[in-house]
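Undergrad: model the following, please.
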Amino acid sequence: MGVPLHWELGEARHDGARENAVAPARGPLPNARGSGCPRPCGAGGADLCQALWRAAPSRHAISRPHRALLACAGARLRLRLRASPHTALKGVLLALPGGGAVVNLSFGFSVVEAVRDFGLTGADFAATDLTTEMLYLIEAKSAAMEASRKLNLRLQGARIAAEEQAFTDMLTGLRNRRALDHVLDRLMQSEQDFALLHLDLDFFKQVNDTLGHAAGDHVLQEVARRLRDAVRANDLIARVGGDEFVILLLGMTERAPVRDLAERMIARLEEAVLYRAQECRISGSIGITLSCAYDSPDPARMMADADLALYAAKGLGRGCARFHEPPDKSVAPLRGIA
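TA: Prediction:
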């Protein structure tokens, strides 16, 4: 097992000690393509050779840290150039009988960074060098991973779009019955209190009969816009039928604020809707139930109770709202709210 030794050329670290090892300035490599290299190299290889030549200590200036380095002959070394780009190298040091040493260096896994930093090309590697094959494999792997990443992003986007479409009413842009059921199940699991309002439009059939279904669609889109303006961003509005809507008011358990909101909704719905310069007049009836009124809330039961309250509101003359009450209770209407 080799001794883990980090050596920045010009500095050495050995057994936790760190000392400066200043080498005299070196001139340029005599010939990056000649006697200084075992074989001709490309432009990028020449830059790397120059960097190593300037960073290496001279043979006659071996300081104490370098003597410690010589003591590690045969050990595996990890080195890094002191100057930018601080290329990482690994190697083995072999001591020479005359007191010098030969260090066999390689890039290891930092070859990718070295190719990038020094602009190495195929001319800088021997034809039989397996590094070239490794670079090809790394490049192929990178290309495959990038293609896989882009495909996953497209698939994820398509899945999100499909889910969004499956939960959306295409005419109004509101949530649909499927989304409502999903949110109700989630609220039951989280035990979060909420108010459920079942809204049915009044006099909507007259719009369809007198002005046509195109006018009816326009009115439904305007109703959706007004309902969105009336509630908070975290509340849910779902279109569950032709002219029926369910609103979930999250965290609302008091009758007074729910009653006030229902009144505002009805007042907004009764404002005229213009379609091709003609006024469309509608209203709305609302049945209300609160989850906190149940010992164990159940979505189906709450929907049924809100439906009963809705028909009770219509029986009062339409254009009003009514809270659901158990059969043994009776609450008088307040300002159009029963």
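
Undergrad: just the CA trace of stretch 136-151, in CSV.
TA: Provided in CSV are the C-alpha atoms of stretch 136-151 (Å, rounded to 0.1, in the frame of the first residue of the first chain):
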residue,chain,number,x,y,z
TYR,A,136,-14.0,7.9,-26.3
LEU,A,137,-15.9,5.8,-23.7
ILE,A,138,-16.3,8.9,-21.4
GLU,A,139,-17.5,11.0,-24.3
ALA,A,140,-20.0,8.3,-25.4
LYS,A,141,-21.2,7.9,-21.8
SER,A,142,-21.6,11.7,-21.5
ALA,A,143,-23.6,11.9,-24.7
ALA,A,144,-25.8,9.0,-23.7
MET,A,145,-26.4,10.5,-20.3
GLU,A,146,-27.3,13.9,-21.8
ALA,A,147,-29.7,12.3,-24.3
SER,A,148,-31.2,10.3,-21.4
ARG,A,149,-31.6,13.5,-19.3
LYS,A,150,-33.4,15.3,-22.2
LEU,A,151,-35.6,12.4,-22.8
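
Undergrad: contacting residues around that stretch?
TA: Counting by CB atoms under 8 Å, 6 or more residues apart in numbering, stretch 136-151 makes contact with V112, all of which sit outside it. The way it works is simple: take the backbone N, C-alpha and C, and place the C-beta from them, glycine included.

Undergrad: chain center to that stretch: distance?
TA: 21 Å (CA atoms, centre = their mean, to the nearest Å).

Undergrad: check stretch 218-238 too.
TA: Taking the mean of its C-alpha atoms, stretch 218-238 sits 28 Å from the chain's own mean (CA atoms, centre = their mean).

Undergrad: quick one: A267 is in a strand?
TA: No. Per DSSP: H, G, I helix; E, B strand; the rest coil, A267 lies outside any strand segment and is helix.

Undergrad: where does it land on pLDDT?
TA: For A267, the pLDDT comes out at 96.

Undergrad: where does the stretch 101-250 of the chain dip in pLDDT?
TA: 106-110, 119, 121-123, 125-134 (pLDDT under 70).

Undergrad: what's the distance between I282 and R228?
TA: 17 Å (CB to CB, to the nearest Å).

Undergrad: my bad, A75
TA: Following CB to CB, the distance that separates A75 from R228 is 72 Å.
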